[in-house]
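Student: Quick one, what's the 3D model for this:
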Amino acid sequence: MAEPKNKKAPVRAWPQVRVFRGVMRAHVRLMHDVREFTETETGLSVTEFDMLVELGNQEGLRMSDLATKMVVSAANVTRVAQSLSAKELLVRERSQRSDREVLARLTPKGQKLFELHFPKAVAFMTRYMDERLEEEEQIKLAELLEKLSR
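Tutor: Predicted coordinates for the structure are as follows:
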C-alpha cells in the first residue's frame, strides 16, 4: 500500500482515501440530483432515460451494443428495454442479418419524447457543471475520470 509522504497523517487524510470517498460522495449527490430531474421532467427512471438517449436519432442499436454504451450493467439492459417497450417508447426486433441479434429502436412516441427532453437534459447537465466547476476544471475532471474508469 502506498502511504502518503506524511506517514503520521490519519488514514482518512491520505490522498487515496480522500479521492475514493470524494468520488463516492459526488456520485451519490449527482445521482440524487439527476434522478430528481429525470423523474420530474420525463416521468422515466434514470436508466430508462439513458436508454432513450442512446437510441435517440438512430435507426436502432443491437442490444449488446446498448449494454456497452449505457451506465447500467448489461444484465439490466433487457429489463430497461422491457419497461420502455411496455410504455410504447421502444420496440425490439430480430435483426435481418442474424436470428441471434436483437435490435432496439425508439417508436415514434419514444423519438418524440427524446426530442422534447434531450435538450432539457443537456441544459441541466451544463448548468449543473457550470455552477460548480470552471471549464478548465471540467476538462481536467473528465480526463481524470476517464483514466480512473479504465
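
Student: number of nearby residues for residue 84?
Tutor: Per other C-beta atoms under 10 Å, the neighbour tally for residue 84 reads 26. Glycine gets a C-beta too; all of them are placed from N, C-alpha and C.

Student: Let me know the pLDDT of it.
Tutor: Residue 84 carries a pLDDT value of 97.

Student: contacting residues for residue 69?
Tutor: Each residue near residue 69 by C-beta atoms under 8 Å, 6 or more residues apart in numbering is listed here: 54, 61.

Student: now the residue sitting furthest away from the middle of the chain, what's its secondary structure?
Tutor: Residue farthest from the centre of the chain, counting by C-alpha atoms, centre = their mean, is residue 8 at 39.3 Å. Look at residue 8: counting by DSSP: H, G, I helix; E, B strand; the rest coil, its state is coil.

Student: how close does it sit to residue 17?
Tutor: To residue 17, residue 8 is 15 Å away according to C-beta to C-beta, to the nearest Å.

Student: do residue 81 as well
Tutor: 39 Å.

Student: Which of those two has more residues huddled nearby?
Tutor: residue 81 (21 against 14).

Student: Go ahead and confirm that one touches residue 105.
Tutor: No - contact criterion C-beta atoms under 8 Å: residue 81 and residue 105 do not qualify, at 10.5 Å.

Student: can you list residues touching both of those two?
Tutor: In contact with both residue 81 and residue 105: residue 90, using C-beta under 8 Å, 6+ apart.

Student: what comes up buried for the helix or strand where residue 40 lies?
Tutor: Secondary structure from DSSP states H and E places residue 40 in helix 15-42. Neighbour-count burial for helix 15-42, counted by 16 or more other C-beta atoms under 10 Å, picks out 34, 37, 38, 42.

Student: any weak-confidence spans in the chain?
Tutor: The model of the chain has pLDDT under 70 over residues 1-7.

Student: All the strands of it, residue numbers only.
Tutor: Using DSSP state E, the strands of the chain run over 61-62, 90-94, 102-106.

Student: Parallel or antiparallel, which strands does the last one pair with?
Tutor: Pointing back at strand 102-106 there. Sheet pairing of strand 102-106 (DSSP bridges) gives strand 61-62 (antiparallel), strand 90-94 (antiparallel).

Student: Enumerate every residue touching the residue lying closest to residue 90 once chain neighbours are set aside.
Tutor: Spatially, and ignoring its direct neighbours in sequence, residue 90 is nearest to residue 84 (3.9 Å; C-beta to C-beta, 6 or more residues apart in numbering). Residues near residue 84 by C-beta under 8 Å, 6+ apart: 48, 51, 52, 90, 110.
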